[in-house]
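J.: Sequence first, predicted coordinates after that:
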Amino acid sequence: MKIADLITWFEVWANPAWCESWDNCGWQIEPGVLQEKARVLVCLTPTLAVMQEAIALDANLIFAHHPLIFNPLKSLRTGEAIAEMVRLAFTQNIGIYSAHTNFDQVQDGTADVLAQILELKEVTPIVPTQGGLGYGRVGLLEPFLTLQELLATIQTRLAPPNLIFSPSTDLQQKISQVAVLGGSGASYISAVAKTGAQAYLTSDCKFHQFQESRDRNLILIDAGHYATERPACDRLVQKFQSLKLDWVQLSQKDEDFRQFFA
């Protein structure tokens, strides 16, 4: 399959027109690779480490969830990471494509994969957008789990380096309804509270957002940005493999960008 055909297939599934106005989905750098057979390295975040990995593996497309270019660039200068990525993309003939908020909404996107990992039933979006799609997912746990069992399940299945949750006096309380949203989902706390979910798994939550959740009687669980979105990248690799591409692989150089001192 040519890269042009792969992108056409993907955009039918996750239309870049669904991208939020503040976002930057689609081609980040296209150095003239559209007619080449797709050799794809999938990653969460396009970094220099991922670019070097792509060069070593002879990939010609880095397919990322996070955009390389998020804010308007004012300059490209030697020694800057984005400038070096651009230079290598053109000299090594490697395209960079991003699927961000459009990928968040779709079936088997970031939120859906989290819901599947927790085996949620009767799943619906937290905030619907179009055609049954939307941001986040809320669903039922069958059978119910205690809060302690839910936290242990998240720790085992997502393996976050640090798992933060709202203060609770009863780790044995039964949890029947859970909401999930991969990445930075604290702005959806109010919407989640209206769904009736007892617990909300997301990331990048601030101190007072834990307070807000407590005041809304919602258990907020922060497993980190990387841990909540990386599984969807792995699922995307599986989808691409079903298309019988020339070559596709999940990056092994993706980084969490955070370390925790023991």
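T.: Perfect, thanks for sending it.

J.: Following the chain past the helix ranked longest in the chain, name the next helix or strand.
T.: As assigned by DSSP state H, the longest helix anywhere in the chain is helix 225-242. Following the chain from helix 225-242 toward its C-terminal end, the next helix or strand by DSSP states H and E is strand 247-250.

J.: That following strand pairs with which strands, and in what direction?
T.: Using DSSP bridges, strand 247-250 pairs in its sheet with strand 39-43 (parallel).

J.: coming back round to it: which residues sit against the longest helix of the chain?
T.: 6, 40, 42-44, 63, 65, 103, 108-110, 112-114, 117, 158-161, 180-184, 201-204, 248-251, 254-258 (CB atoms under 8 Å, 6 or more residues apart in numbering). Using the backbone N, CA and C atoms, a C-beta is placed for each residue, glycine as well.

J.: Could you identify the buried members of the residues you listed?
T.: Buried members of the contacts of helix 225-242, counted by 16 or more other CB atoms under 10 Å: 6, 40, 42-44, 63, 65, 103, 108-110, 112-114, 117, 158, 160, 180-183, 201-203, 248-251, 254.

J.: And the helices in the stretch 101-250 of the chain?
T.: 101-105, 110-117, 147-158, 189-195, 207-215, 225-242 (DSSP state H, counting those that start in this stretch).

J.: which parts of the longest one are buried?
T.: Applying a neighbour-count criterion of 16+ other CB under 10 Å, the buried positions in helix 225-242 are 225-233, 235-237, 240.

J.: Let me see the ranges of the strands in this protein.
T.: 26-29, 39-43, 61-64, 95-98, 121-124, 127-128, 134-135, 137-146, 164-165, 174-184, 199-203, 219-222, 247-250 (DSSP state E).

J.: got a pLDDT number for residue 20?
T.: Confidence at residue 20, expressed as pLDDT, is 95.

J.: For residue 175, see how far away it is.
T.: In this structure, residue 20 and residue 175 are 30 Å apart, going by CB to CB, to the nearest Å.

J.: which one of these two has more residues nearby?
T.: Legend: neighbour count by other CB atoms under 10 Å for residue 20 and residue 175, higher for residue 175 (18 against 13).

J.: who touches that one in this structure?
T.: 141, 144-147, 150, 198-199, 219.

J.: Can you tell me which of the residues you listed is nearest residue 90?
T.: residue 199 (46.4 Å; CB to CB).

J.: That closest one: how many residues sit nearby?
T.: Residues near residue 199, counting by other CB under 10 Å: 27.

J.: Go ahead and confirm it touches residue 148.
T.: No. Counting by CB atoms under 8 Å, residue 199 does not reach residue 148; the two are 11.7 Å apart.
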